[in-house]
Each structure stands twice: as C-alpha cells, then as structure tokens.
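>>> Only the shape, not the letters, is given here:
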C-alpha cells in the first residue's frame, strides 16, 4: 500500500481504534443497581479485540514492509515476473488484511452500539423505577396529609362533643331546679 506520495507508509485513519485504545478502555460500574454486563466478560472481550487488532496491525505492517522491500528491489534490479507476482501477492494480502480490519471494526462498532442500547434500556428501567418510587413517595405524602386532616377532624369532633356534653350538663342543671319544683308539687298533689 502506498500513500499519496508513492511511499510505502501505511497510516490508519484517525477515528480507528488502536489496540492500545481498546486495552486501556475503562468502563464505569453501573450505578444504583448491580445490573449490567459482567466486568470480567467485558475485559476478556476487550483483550481479544486488542489482540486481534495487534495481530492485524502486525500483519499489515509486515505486508507493507514486504511491499516496500519489493518496490526497493524493483527500483534496484528492474521488474521480474517473480517479483511482480510477489508484490501483487503482498498487495493483495495487505488489502485483504485491511478489509478484514474494516469488517472487524464494523462488527465491534455494532457490538458497541448494542451494548450502548442495552445500557440505555437499563437506564430507562432504572429511571422508571425511581419515578415509581417517587410516585409512591407522593402517595405517602398524600396519605400523611389525609391522616393529618382526619386527626384534626377527630380532635374537632371531640371538642364539639365536649362542648355538647357541657351544654347538656348546663341545661340539666338549669332544668333541675324546675324539675325538683315540679317533682315536689307533684308529690304534694298526691
């Protein structure tokens, strides 16, 4: 593979991950709950991805070096059918490796998108649970307010009952002398 200047340097596009990027990736632990992906499995997968990229990068570098060596030899000695075949084979290998790397990167991106979607789904579930608990808190607050109103009503009714009892007693006391008088006159008539 050659760059725009016809040199044999192969450079990865800036958005591509390197083995180091993947190996140094750190994931936060799930908050609020223990749900989420098993950290050991994620670490093992990232190790496999990093190893694959290291291997593919090494193969690509070896193929690129071979192309450079053959190009240099060709410049020194001229083209031979064997050299052209070897160069063609090396370029085909390099292109195959690049295609595999692109395919692998696409699969990793799909898996990352699936993990991200699952994390978003779990976050939504957690938020729904939090909102549900908050709603229950609202119900508890309403229950407490209603209980306070009932206690206030009970106390008010107790006060009214006490006032009525006092009023009945007062009326009884007012009526007692007249009853006694009426009772005495009734006894006198007998």
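Structure's in. What do you need? Source: prediction; values computed, not measured.
>>> from here on, contacts and neighbour counts on C-alpha atoms
Noted.
>>> Which secondary structure element is home to the residue nearest in space to the middle of the chain?
Nearest to the mean C-alpha position of the chain, by CA atoms, centre = their mean, lies residue 123 at 3.6 Å. When elements are defined using DSSP states H and E, residue 123 is found to belong to helix 81-189.
>>> Show me what that helix is packed up against.
helix 39-77 (3 or more CA pairs under 8 Å, 6 or more residues apart in numbering; DSSP states H and E).
>>> Quick one: mean pLDDT over the helix it packs on.
Per-residue pLDDT values across helix 39-77 average out to 84.
>>> centre of the chain versus it, how much separation?
Distance of helix 39-77 from its chain centroid, counting by CA atoms, centre = their mean, to the nearest Å, is 35 Å.
>>> Can you list the buried residues in it?
43, 46-47, 49-51, 53, 56-57, 59-61, 63-68, 70-71 (16 or more other CA atoms under 10 Å).
>>> Reduced to three states, what does residue 27 come out as?
Here residue 27 is coil, with the state taken from DSSP: H, G, I helix; E, B strand; the rest coil.
>>> Torsion angles phi and psi at it?
Here the main-chain torsion angles of residue 27 (degrees, to the nearest 10) amount to phi -110, psi 140.
>>> what's the burial count for it?
9 (other CA atoms under 10 Å).
>>> what's it in contact with, if anything?
When contacts are counted by CA atoms under 8 Å, 6 or more residues apart in numbering, residue 27 touches no other residue.
>>> Ok, residue 54 next?
Residues in contact with residue 54 (CA under 8 Å, 6+ apart) are residue 19.
>>> how much space between it and residue 17?
The gap separating residue 54 from residue 17 is 11 Å, by CA to CA, to the nearest Å.
>>> And residue 165, by the same measure?
Note on residue 165: its distance to residue 17, by CA to CA, is 88 Å.
>>> One more: residue 149?
Using CA to CA, we find residue 149 at a distance of 64 Å from residue 17.
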